[in-house]
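Asker: Give me coordinates for this.
(one chain, ligands or ions: 1)
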Amino acid sequence: MTQVIEIHPDNSLGCQEPKLIQERGQREVFCGLTGIIWLHRKIQDAFFLVVGSRTCAHLIQSAAGVMIFAEPRFGTAIIDERDLAGLADCNEELDKIVGELLERRPDIKLLFLVGSCPSEVIKLDLSRAALRLSHQFSPNVRVLNYSGSGIETTFTQGEDACLASMVPTLPKHTTAQKQLLIVGTLADVVEDQFRALFSKMGLEHIEFFPPRKSTQLPQVGPNTLFLLAQPFLADTAKALEDLGAQHLPAPFPLGAMGTRAWFKQAAKAFGVPNDVFEAAIEAPQKRAIQALSKHRAELKDKKIFFFPDSQLEIPLARFLHHELGMQLCEVGTPYLHRRHLQLELDQLPANTRIVEGQDVDEQLDRCRASNPDLVVCGLGLANPLEAEGYTTKWAIELVFTPIQGFEQAGDLAGLFSRPLIRRLKLVA
Ligand code: SF4
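Answerer: Modelled structure (predicted):
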């Protein structure tokens with residue numbers, strides 16, 4: 001059976017620094033518009049209006065292709081190429097589209113204007129447009145803006161940009177009561193489990209950001225301690241710190257170890273007695289360990305190679321190595337926030353090759369040379385690698401699937417063991 005190993009914030013396991021390489025070559029990563037796919041499901045009264053081209057519309061339609069809604073919560077205002085003289089028309093057109101949308105959809109309380117490559121290229125100032133429209137539709141609708149442009153953002157940075165744009169609108173927390181804020185989009189089912197576990201530890205003043213309703217924004221102030229639930233929220237964390245909130249450094253809640261360590265940091269910060277903490281997590285932790293043991297047999301000693309995509313790569317590598325016995329060939333990540341990831345980096349085996357950024361051809365060569373059993377990558381690389389005989393896992397699934405917490409640990413392991421089992425069946 002899998003053992004729970006404590007994650008030691010003081011690095012007392014004695015791992016050497018992992019090997020960090022930076023690459024600045026050609027990238028194969030989604031743009032930040034992709035985040036709309038999970039954000040629109042989370043904030044139920046928000047609408048995401050992409051100001052972009054037909055390419056942008058196709059991207060989010062195909063990424064969300066499996067979902068059919070009677071009332072979709074995202075759309076694209078198509079802007080064609082035009083010269084600077086055409087900018088005034090562009091603003092007029094945008095105002096008209098927003099006016100029609102809000103008239104048709106009184107359920108929308110928060111509208112995001114999401115910038116894209118074309119809006120950047122023609123220098124359409126979406127922050128001014130958001131101010132203008134917010135003023136016009138106040139107090140029924142708040143209009144915010146952020147960029148999901150592929151020039152500025154990759155994949156999960158879209159969520160960071162979205163949440164950071166909301167931070168200045170959060171109400172102030174002014175009382176002396178310490179409160180815990182969980183930051184990062186989690187599936188509702190995971191959020192409910194986390195709230196129940198915190199409650200068992202006696203912690204009741206818990207808020208989640210983003211909230212399910214834009215009218216239920218959490219308060220933030222100097223007595224707010226926040227835990228990141230996702231490793232890609234650098235700008236959001238910085239904006240919260242600017243309001244006086246304090247970040248609680250913790251590993252991320254992936255796998256039994258990560259989830260235990262994540263809860264433990266909160267318990268310590270709020271003075272929860274150790275026996276209360278252990279009693280609260282005992283049953284779910286046991287279920288997680290049992291669920292993982294089934295997958296360990298499939299994954300132990302298998303080699304895995306991560307291309308940079310979701311920024312979840314480092315916590316996932318720690319989970320797969322420590323709890324499932326996988327060998328790490330290379331761990332690529334689009335960006336590495338040293339402070340937020342330090343407790344994760346401390347747990348990786350010495351000399352793990354960590355690559356920040358990408359030079360895709362070089363990385364493909366290294367991937368082939370290391371001959372991994374499983375490759376985690378974006379959709380663009382998965383098909384060619386499968387054609388070469390490699391088994392792949394689409395990184396995007398790791399963002400769309402609920403994977404955090406004790407109850408999801410087995411499902412998370414299954415996302416890695418299933419492709420290997422499928423490949424074995426095909427070969428047999
Ligand atoms: Fe493509 Fe840029 Fe639109 Fe993303 S924002 S779909 S990278 S044009």
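Asker: Around the nearest residue to T153 once chain neighbours are set aside, how many other residues sit close by?
Answerer: Residue nearest to T153 in three dimensions, not counting chain neighbours: G32, with 3.1 Å by C-beta to C-beta, 6 or more residues apart in numbering. C-beta here means a position set from N, CA and C on the backbone, and glycine is covered the same way. Neighbouring residues of G32 were enumerated by other C-beta atoms under 10 Å; the total is 27.
Asker: With R212 instead?
Answerer: R212 sits with 14 neighbouring residues when counted by other C-beta under 10 Å.
Asker: does it belong to a helix or a strand, and which?
Answerer: No secondary structure element spans R212, as it lies outside all helices and strands (assigned by DSSP states H and E).
Asker: Could you check how far it is from P218?
Answerer: Per C-beta to C-beta, to the nearest Å, R212 is found 12 Å from P218.
Asker: any chance you could map the strands in the stretch 251-400 of the chain?
Answerer: Counting by DSSP state E, counting those that start in this stretch, residue ranges of the strands within the stretch 251-400 of the chain are 303-306, 327-333, 353-358, 374-377, 392-394.
Asker: ok so, going back, contacting residues around the residue nearest to T153?
Answerer: For G32, the set of contacting residues under the criterion of C-beta atoms under 8 Å, 6 or more residues apart in numbering consists of 147-150, 152-159, 161.
Asker: Lowest mean pLDDT among the helices and strands of this protein, which one is it?
Answerer: Evaluated with mean pLDDT, DSSP states H and E, the helix-and-strand set of the chain has its lowest mean pLDDT in helix 117-121, which scores a mean of 78.
Asker: which helices and strands sit right next to that helix?
Answerer: Other helices and strands packing on helix 117-121, by 3 or more C-beta pairs under 8 Å, 6 or more residues apart in numbering; DSSP states H and E, are strand 46-52.
Asker: count of residues packed around the residue in the chain that the ligand sits nearest to?
Answerer: In the chain, the residue that lies nearest the ligand is G150 (2.6 Å; C-beta to the nearest ligand atom). The number of residues packed near G150 is 21, by other C-beta under 10 Å.
Asker: wait, it sits on C31?
Answerer: Yes. Assessed by C-beta atoms under 8 Å, G150 is found in contact with C31 at 3.3 Å.
Asker: Please enumerate the shared neighbours of the two.
Answerer: Here G150 and C31 share the contacting residues S116, C117, scored by C-beta under 8 Å, 6+ apart.
Asker: Can you name the residues of the stretch 1-150 of the chain sitting close to the ligand?
Answerer: Where proximity means C-beta under 6 Å from any ligand atom, the interface of the stretch 1-150 of the chain facing the ligand comprises C31, L33, G52, S53, T55, C56, L59, S116, C117, G148, S149, G150.
Asker: For burial, what's the neighbour tally of P349?
Answerer: If you count neighbours by other C-beta under 10 Å, P349 ends up with 15.
Asker: same thing with the one 5 residues further on?
Answerer: Other residues near I354 come to 24 when the count uses other C-beta under 10 Å.
Asker: measure it to L385 for me?
Answerer: For I354 relative to L385 (C-beta to C-beta), the value is 20 Å.
Asker: in this protein, which ranges drop under the pLDDT threshold?
Answerer: Across the chain, the stretches falling below the confidence threshold (pLDDT under 70) are 1-17, 28, 64-71, 80-86, 121, 427-428.
Asker: Using the record's domain definitions, break it down for me.
Answerer: Recorded structural domains for the chain (assignment: automatic domain parsing) are 19-28+292-427, 32-153, 179-275.
Asker: Which strands or helices does the helix or strand harbouring I36 pack on?
Answerer: I36 is part of helix 36-42 when elements are defined by DSSP H and E. The criterion is 3+ C-beta pairs under 8 Å, 6+ apart, and the helices and strands that helix 36-42 contacts are strand 46-52, helix 54-63, helix 157-166, helix 395-400.
Asker: Please state the offset of the shortest one from the chain centre?
Answerer: What that stands for is helix 395-400. On the basis of C-alpha atoms, centre = their mean, to the nearest Å, the separation between the geometric centre of helix 395-400 and that of its chain is 9 Å.
Asker: try stretch 271-289
Answerer: With C-alpha atoms, centre = their mean, you get 26 Å for stretch 271-289.
Asker: Repeat that for stretch 259-274.
Answerer: Averaged over its C-alpha atoms, stretch 259-274 has a centre that lies 22 Å from its chain's centre (C-alpha atoms, centre = their mean).
Asker: before we move on, what about stretch 183-201?
Answerer: Here the centre of mass of C-alpha atoms in stretch 183-201, compared against the chain's by C-alpha atoms, centre = their mean, lies 16 Å away.
Asker: Quick check: which of the strands of the stretch 251-400 of the chain is buried the most?
Answerer: Mean neighbours per residue, mean count of other C-beta atoms under 10 Å, is largest over these for strand 374-377, with a mean of 26.
Asker: what are the phi and psi values for D359?
Answerer: The phi and psi torsions at D359 (degrees, to the nearest 10) take the values phi -130, psi 100.
Asker: Can stretch 379-399 be said to contact the ligand?
Answerer: No. Using C-beta under 6 Å from any ligand atom, stretch 379-399 stays clear of the ligand, coming no nearer than 12.3 Å.
Asker: which outside residues touch that stretch?
Answerer: Stretch 379-399 is touched from outside by 28, 30, 34, 38, 63, 155-156, 307, 309-310, 312-313, 316, 360, 364, 367-368, 372-378, 415-416, 419-420, 422-423, with contacts defined as C-beta under 8 Å, 6+ apart.
Asker: residues near the residue nearest to T391 when sequence neighbours are not counted, how many?
Answerer: If you skip the residues right next to it in sequence, T391 has R423 as its closest partner in space, 4.4 Å away by C-beta to C-beta, 6+ apart. Burial of R423 is recorded as 17 neighbouring residues (other C-beta under 10 Å).
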